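Novice: build me a model:
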Amino acid sequence: MSQSYPVSLLEILKAYFQDPKVHKVESIQTLWSGYGEIARYFVPAKQQYFVVKVVDPNTHSEHPRGWNTSISHSRKLDSYQNEQAFYQKYSALADNKCRLPKSIATGQNQQLRWLIMEDLDASGFTCRCDDAPLELVRLGVRWLAYFHARFINQATPELWPVGTYWHLKTRPDEFQKMPEGRLKSAAAALDEKLNSASYQTLLHGDAKLANFCFAADQKDLAAVDFQYVGRGVGVKDLAYFLGSCFYDEGLFTHADNLLNEYFTHFKAAVSHYQLNCNVALLEAQWRALYPLAWADFDRFLSGWAADHYKRNEFMQNQTEQGLLYLEQHKSSR
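Specialist: Below you'll find the predicted structure:
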């Protein structure tokens, strides 16, 4: 990233807030592959902290696993534009049941793209977890259920037609790296089956544990990082989230119960949002697609990082179920 960007961004923030004393407090994190940063700024005139996500489209990608291709670069830039569109048009539809940072402003010029957001730390969401206890995982499951229910009937034409960062169309390089076998042969069928489901919602798209901020009392949480938000079946988010929370043993112990909890919360959310949705049909469809969601992420990992720890026995069992489902439904037609 250009070393001159902090000065120009600071001038932008001073102008937006009409406060010459706006200043950067700290850098929270560098964006993946070095595309920018997320930082905290203080606005004295408002006596408030804000979080600003800034992207330099002219960055030379530095992917930690070496995926420095033009396809990867384009996908990243598209994802930041996608996130801005989400915050501009849809984030305000989320309520306290699926909390996320309030959007303050978005903008771009020839050098930078920026997103000014509520500071979740200042709003009480101060805890981050690398290894969450079961009760916090359950909060994440609840958040996903309410977010998915909130957007089940919501048209989102400005956002990605397929959510998640690993879906097949955006990962041709990783597909080529996959070893030959049943999973690679089934990749297109998995993708088609998930994307053609009649019940589609808005997915977070990167709903890993690290993208949730927990309240100090550990009774609530909020989600961040909506670059890969887009349409899909809710169980894609759920499978990915559970895989980020547990190792093999934990998945065998808790995944089935948490899948049940997800649908219990989803039913409550449909009532909460007063939606016209046949929950029984949706649940039957998404339960059937749940192993396919695991298999689809396994497909990505097998090309991206075949030795990844998430490719554990639980995931392999789910992948096998997903492949059998495809084979059985293909032969039954």
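
Novice: check which residues of the helix or strand residue 83 falls within are buried.
Specialist: Using DSSP states H and E, residue 83 sits within helix 70-89. Of the residues in helix 70-89, those buried by neighbour count under the rule 16 or more other CB atoms under 10 Å are 72-73, 75-76, 79-87. Every C-beta, even on glycine, is put in place using the N, C-alpha and C of the backbone.

Novice: low-confidence bits of the stretch 201-333 of the chain, can you list those?
Specialist: 331-333 (pLDDT under 70).

Novice: report the contact partners of the nearest residue to residue 209 once chain neighbours are set aside.
Specialist: Using CB to CB, 6 or more residues apart in numbering and skipping the chain neighbours, the partner closest in space to residue 209 is residue 244 (4.6 Å). Going by CB atoms under 8 Å, 6 or more residues apart in numbering, residue 244 touches 207-210, 310.

Novice: name the element residue 244 belongs to?
Specialist: helix 234-245.

Novice: now the element after that helix, going C-ward?
Specialist: helix 248-272.

Novice: who's in contact with that following helix?
Specialist: Helix 248-272 is contacted from outside by 97, 134, 137-138, 141-142, 144-146, 148-150, 152, 234-235, 238, 242-243, 246, 277, 279, 282-283, 286-287, 290, 312-315, using CB under 8 Å, 6+ apart.

Novice: check which helices and strands the helix or strand just after that helix sits against.
Specialist: Later in the chain than helix 248-272, the nearest helix or strand by DSSP H and E is helix 279-304. Secondary-structure packing of helix 279-304 (3 or more CB pairs under 8 Å, 6 or more residues apart in numbering; DSSP states H and E): helix 172-177, helix 182-195, helix 234-245, helix 248-272, helix 313-331.

Novice: format those helices as TSV; extra columns: distance to residue 32.
Specialist: Conversion of those to TSV gives the following (distance: least, CB to CB, whole Å):
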stretch	distance to residue 32
helix 172-177	16
helix 182-195	23
helix 234-245	15
helix 248-272	25
helix 313-331	23
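
Novice: nearest to residue 107, out of the ones you listed?
Specialist: Closest to residue 107 of the helices and strands packed on helix 279-304, according to CB to CB: helix 234-245, at 28.7 Å.

Novice: residue contacts, the residue nearest the centre of the chain?
Specialist: Centroid check for the chain by CA atoms, centre = their mean gives residue 206 as the closest residue, at 2.2 Å. Counting by CB under 8 Å, 6+ apart, residue 206 makes contact with 164-165, 225, 227-228, 240.

Novice: of these, closest to residue 109?
Specialist: Nearest to residue 109, judged by CB to CB, of those is residue 227 at 19.8 Å.

Novice: of the helices and strands packed on helix 279-304, flag the one that's most buried.
Specialist: For those, average neighbour numbers computed from mean count of other CB atoms under 10 Å are highest in helix 234-245, which has a mean of 26.

Novice: quick one, it and helix 248-272 angle?
Specialist: Relative orientation of helix 234-245 versus helix 248-272 (axes from the mean of the first three to the mean of the last three CA atoms, to 10 degrees): 140 degrees.

Novice: just the CA atoms of helix 234-245, as CSV, please.
Specialist: Output in CSV follows, covering the C-alpha atoms of helix 234-245 (Å, rounded to 0.1, in the frame of the first residue of the first chain):
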residue,chain,number,x,y,z
GLY,A,234,-27.9,-20.3,5.2
VAL,A,235,-26.2,-23.6,6.0
LYS,A,236,-23.1,-22.5,4.0
ASP,A,237,-22.4,-19.8,6.6
LEU,A,238,-23.3,-22.2,9.5
ALA,A,239,-21.0,-25.0,8.3
TYR,A,240,-18.1,-22.6,7.8
PHE,A,241,-18.7,-20.9,11.2
LEU,A,242,-18.7,-24.3,13.1
GLY,A,243,-15.6,-25.3,11.3
SER,A,244,-13.9,-22.1,12.6
CYS,A,245,-15.0,-22.8,16.2
